[in-house]
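Trainee: From the sequence below, what's the structure:
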Amino acid sequence: MYESGRIRTLWELVEYRAAASADAVMFYEPDGRTVTFGEARERALRAAAGFRELGIGAGTRVAWQLPTRVGTVLASLALARLGAVQIPVVHLHREREVGYVLAASEAEFVLVPGVWRDVDFTAMARKVAPDGTRVITVGGETGLPDGDPATLPEFTPGHAREQQSSYARERTSWIYYTSGTTAVPKGVRHTDASLIAGGVGLATALGMSTADIGSIAFPYAHIAGPDYVIAMLVSGFPAVVLETFAPGAAADTYARLGVTMAGGSTAFYQAFLEESRRRAHGGKLIPSLRLLSGGGAPLPPGLYFEAGRELECAVLHGYGMTECPMIAMGTPYDTDEQLSRTVGRPVTGAEVRIAGPDGRALPAGEPGEVTLKGPMVCQGYTDPALTAASFDADGWFHTGDLGFLRADGHLVLTGRLKDIIIRKGENISAQEVEDLVRGHPAVADAAVIGLPDRERGERVCAVVTLTETGGPALTLRELTAHLRRAGLMTQKLPEQLEIAAELPRGGPLGKVLKGVLRERHSD
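Mentor: Have a look, this model is predicted:
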């Protein structure tokens, strides 16, 4: 049985599960091929030895921008065995974001998949990588590096390291970059122990068993990737891994392989709901499915009930962020009212406190800022000033999210202090997009807002005033072409353009009243 708190490093968890369930399946490929927990350990060890021959070891900073594949998980486990500092980069990012992350993180290596989905990631990485950063192509025909595990240095368990030097608590093992409220991405520092705490919280809430089959169809480089794999290692259930998500193909694969839990975000729920309605065959889309789970964007109550009825399963939604991968989660034991109106109770180990403007704790029912404590909270940011601004004197992490705790202990989110847009689980900095929109010669001023969207959670809307050029009115197509030329990733492009005579402003500083704009353009 897994002992919470005893295992402090990811590789210890791999060893634990390989010893307990060596012959049990860990991964299913869409074509039916499988990898057992024991095989995953052995393949990760060989990859670790291969990476070591390339010069990667304890403390080496390794960025990786890889698609969601079994090989990606194995590469990450191999790096964990070596004690490298991992810097995951979502495969959707392009030159602008990748260049910043590689420079800011001082990555010594970057792993890329070569040409994938018509994008040459190797060429892109070489173009933007700072001098001294080595680009390594893995996957495809090259596969993972292969070495002799006998050449690896002896592995010291995390609790022993901790006793020697507070290793597991203090040593940063992961750096995730998130846009948050600023145009410049923030580097979030995690340890193996903080990610394990998040994964344990997820596993406990979901109540998965070895009889279940999960699924990974979201970008593995999100913090939800290791969070999910840790839950697999803790509970011993396998998962189907999909490189790309297409609702029809995913549903067919899940039905064929007997998936019992699917999801990832609100967009996945909507996609499966629409696919089921499109087929209209009178049968259950995925006969084995009993749970949809996810987070990353608000869950409209209407979608909760529609998806649950149509797909004949429970819908468990949760709340997490890069700084704290698991905060609250619905469980199979919650009522429909709790699951449709809240993001669940705080998970095992997470402390949630609602703080008023003066920082004092507020009682149940009173709205304020969501603040956090617990072993899954990050160590802070790579920028000490951001760390100081986000943690108060008592050690509470301030999320910038607004909400309240109900009398039943469930958390309700009501808004954000942060000016971010969450589109399909992606954090988008409004400021970053605004700065680039203002660069269009026809734009005098701009405000970028998130509007409620059934499929995406939120959609990106640009509200602009125009210069007095006398030319034709700006179109959405022209604006997105301009933003593409500026290097903005596709997922951040506005889906809606509104042209206004002026932007509503208020307060002593004349700030744009984005609440007024959201109300005005939400239809």
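
Trainee: tell me which strands and helices the helix or strand where F27 lies is in contact with?
Mentor: Per DSSP states H and E, F27 falls inside strand 25-28. With contacts defined as 3 or more C-beta pairs under 8 Å, 6 or more residues apart in numbering; DSSP states H and E, strand 25-28 has these neighbours: strand 34-36, helix 37-53, strand 239-241. Where you see a C-beta, it was placed from the backbone N, CA and C, and this is true even at glycine.

Trainee: and if we set it to 6 Å?
Mentor: strand 34-36 (3 or more C-beta pairs under 6 Å, 6 or more residues apart in numbering; DSSP states H and E).

Trainee: what is the mean pLDDT for the strand it packs on?
Mentor: Average pLDDT, strand 34-36: 98.

Trainee: L144 contacts L45, doesn't it?
Mentor: No: with contact defined as C-beta atoms under 6 Å, L144 does not reach L45; the gap is 11.1 Å.

Trainee: These two: which is more packed in?
Mentor: L45 (23 against 20; other C-beta atoms under 10 Å).

Trainee: Grab the nearest non-local neighbour of that one.
Mentor: Counting by C-beta to C-beta, 6 or more residues apart in numbering, P149 is the residue found nearest to L45 once chain neighbours are left out, at 4.1 Å.

Trainee: Which helix or strand contains the residue positioned nearest the centre of the chain?
Mentor: For the chain, the residue nearest the mean C-alpha position is H222 (3.3 Å; C-alpha atoms, centre = their mean). Taking DSSP H and E as the definition, one finds H222 inside no helix or strand.

Trainee: and if you look at the one 4 residues further on?
Mentor: P226 is part of helix 224-235, with elements assigned from DSSP H and E.

Trainee: could you point out which element follows the lowest-mean-pLDDT helix or strand in the chain?
Mentor: Ranked by mean pLDDT, DSSP states H and E, the weakest helix or strand in the chain is helix 167-170, scoring a mean of 50. Using DSSP H and E, the helix or strand that follows helix 167-170 towards the C-terminus is strand 174-178.

Trainee: Next SSE downstream of the helix or strand that contains E434?
Mentor: Using DSSP H and E, E434 maps to helix 430-437. Downstream of helix 430-437, the first helix or strand assigned by DSSP H and E is strand 443-453.

Trainee: Tell me what angle that following strand forms with helix 430-437.
Mentor: Going by axes from the mean of the first three to the mean of the last three C-alpha atoms, to 10 degrees, strand 443-453 is angled at 140 degrees with respect to helix 430-437.

Trainee: Each with direction, which strands does strand 443-453 pair with?
Mentor: Using DSSP bridges, strand 443-453 pairs in its sheet with strand 457-466 (antiparallel).

Trainee: can you pull the alpha-carbon coordinates of the strand it pairs with into CSV?
Mentor: Taking C-alpha atoms only, strand 457-466 is exported to CSV below (Å, rounded to 0.1, in the frame of the first residue of the first chain):
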residue,chain,number,x,y,z
GLY,A,457,-14.7,27.9,-21.2
GLU,A,458,-13.7,31.4,-22.3
ARG,A,459,-13.1,32.9,-25.7
VAL,A,460,-10.7,35.7,-26.5
CYS,A,461,-12.4,39.0,-27.5
ALA,A,462,-10.5,42.1,-28.6
VAL,A,463,-12.4,45.4,-28.1
VAL,A,464,-10.6,48.2,-30.1
THR,A,465,-10.9,51.9,-31.0
LEU,A,466,-9.6,52.9,-34.4
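
Trainee: Could you list the buried residues of it?
Mentor: Going by neighbour count (16 or more other C-beta atoms under 10 Å), the buried part of strand 457-466 is G457, E458, R459, V460, C461, A462, V463, V464, L466.

Trainee: ok, of the residues you listed, which one's closest to T204?
Mentor: G457 (25.4 Å; C-beta to C-beta).

Trainee: Looks like that closest one contacts S265 (just checking).
Mentor: No: contact between G457 and S265 fails when scored by C-beta under 6 Å: they sit 7.0 Å apart.

Trainee: Between these two, which contacts overlap?
Mentor: Taking C-beta atoms under 6 Å, 6 or more residues apart in numbering as the criterion, G457 and S265 both touch A297.

Trainee: For the stretch 151-300 of the chain, which segments count as strands?
Mentor: Taking DSSP state E, counting those that start in this stretch as the test, the strands found in the stretch 151-300 of the chain are 174-178, 186-190, 214-216, 239-241, 261-265, 291-295.

Trainee: From S522, how far out is F272?
Mentor: Applying C-beta to C-beta, to the nearest Å, the value for F272 to S522 is 25 Å.

Trainee: for F218, same thing?
Mentor: With the distance defined as C-beta to C-beta, F218 ends up 27 Å from S522.

Trainee: Equivalent analysis for E458, please.
Mentor: Here the distance between E458 and S522 works out to 11 Å (C-beta to C-beta).

Trainee: Over to A388?
Mentor: From A388 to S522 the distance is 36 Å (C-beta to C-beta).

Trainee: Kindly report the same for T172.
Mentor: Distance, T172 to S522, by C-beta to C-beta: 41 Å.

Trainee: again, but for L233
Mentor: 42 Å.

Trainee: ok, those two, which is more surrounded?
Mentor: Using other C-beta under 10 Å, the more surrounded residue of L233 and S522 is L233, with 29 against 11.

Trainee: Which residues are in contact with the residue nearest to D445 when sequence neighbours are not counted?
Mentor: Closest residue in space to D445, ignoring its immediate chain neighbours: T465 at 4.8 Å, by C-beta to C-beta, 6+ apart. Listed by C-beta under 6 Å, 6+ apart, the contact set of T465 reads A444, D445, A500, E502.
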